[in-house]
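Trainee: Quick one, what's the 3D model for this:
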Amino acid sequence: EGAVAEAPNAANAEEELTYANEEEYYHWPNLWDRLQSQGWTQVRPGRQHKLLDWLYVVPGGNARGGQLGHDFFGSEQDVTDYVRSTQPFDGANNQFEDATEEV
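Mentor: Just a heads-up that it's a prediction; the model follows:
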């Protein structure tokens, strides 16, 4: 039927990424690059969230009608906290393990 669209930077998602420490792992530019490779997006908020500069939307999430803290997040810190709880730094291997499913 329809073709499956690949996430931005999907080719980079399979390469093994290593980080010197947890601070480097969660450093925003590094973290955002990984999340974009998993399909996260960044959008300008509408009137409903006018106090926020950006909304960070999870793969398959929707900033319009979605749930804050589940489908999208309102700050870099909220995204980082979410990732800390769902994709922890593996200090033994010093690497990011991509938790996305292949379709």
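Trainee: need the contact list for Asp78.
Mentor: Residues in contact with Asp78 (C-beta atoms under 8 Å, 6 or more residues apart in numbering) are Tyr56, Gly69. Backbone N, C-alpha and C define where each C-beta goes, glycine included.
Trainee: measure it to Tyr56 for me?
Mentor: Distance, Asp78 to Tyr56, by C-beta to C-beta, to the nearest Å: 8 Å.
Trainee: do Thr41 as well
Mentor: For Thr41 relative to Tyr56 (C-beta to C-beta), the value is 8 Å.
Trainee: which stretch of helix or strand covers Arg34?
Mentor: helix 28-37 (DSSP states H and E).
Trainee: buried stuff in that helix?
Mentor: Going by neighbour count (16 or more other C-beta atoms under 10 Å), the buried part of helix 28-37 is Leu31, Trp32, Arg34, Leu35, Gln36, Ser37.
Trainee: Parallel or antiparallel, list what pairs with the helix or strand following that helix.
Mentor: Downstream of helix 28-37, the first helix or strand assigned by DSSP H and E is strand 41-43. Note on strand 41-43: by DSSP bridges, its sheet partners are strand 55-57 (antiparallel).
Trainee: Now the element after the strand it pairs with, going C-ward?
Mentor: Going down the chain from strand 55-57, the next helix or strand is strand 72-73, by DSSP H and E.
Trainee: Now do the helix holding Arg34: distance to the chain's middle.
Mentor: Mean-position distance between helix 28-37 and its chain equals 6 Å (C-alpha atoms, centre = their mean, to the nearest Å).
Trainee: shaky segments in the chain?
Mentor: 1-17, 91-103 (pLDDT under 70).
Trainee: Can you pull up the most central residue in it?
Mentor: With distances taken as C-alpha atoms, centre = their mean, Leu35 lies nearest the centre of the chain, 3.0 Å away.
Trainee: check contacts around that one.
Mentor: By C-beta under 8 Å, 6+ apart, the contact set of Leu35 is Tyr56, Val79, Val83.
Trainee: separation between the first one and Glu24?
Mentor: So the one you mean is Tyr56. Relative to Glu24, Tyr56 is positioned 20 Å away (criterion: C-beta to C-beta).
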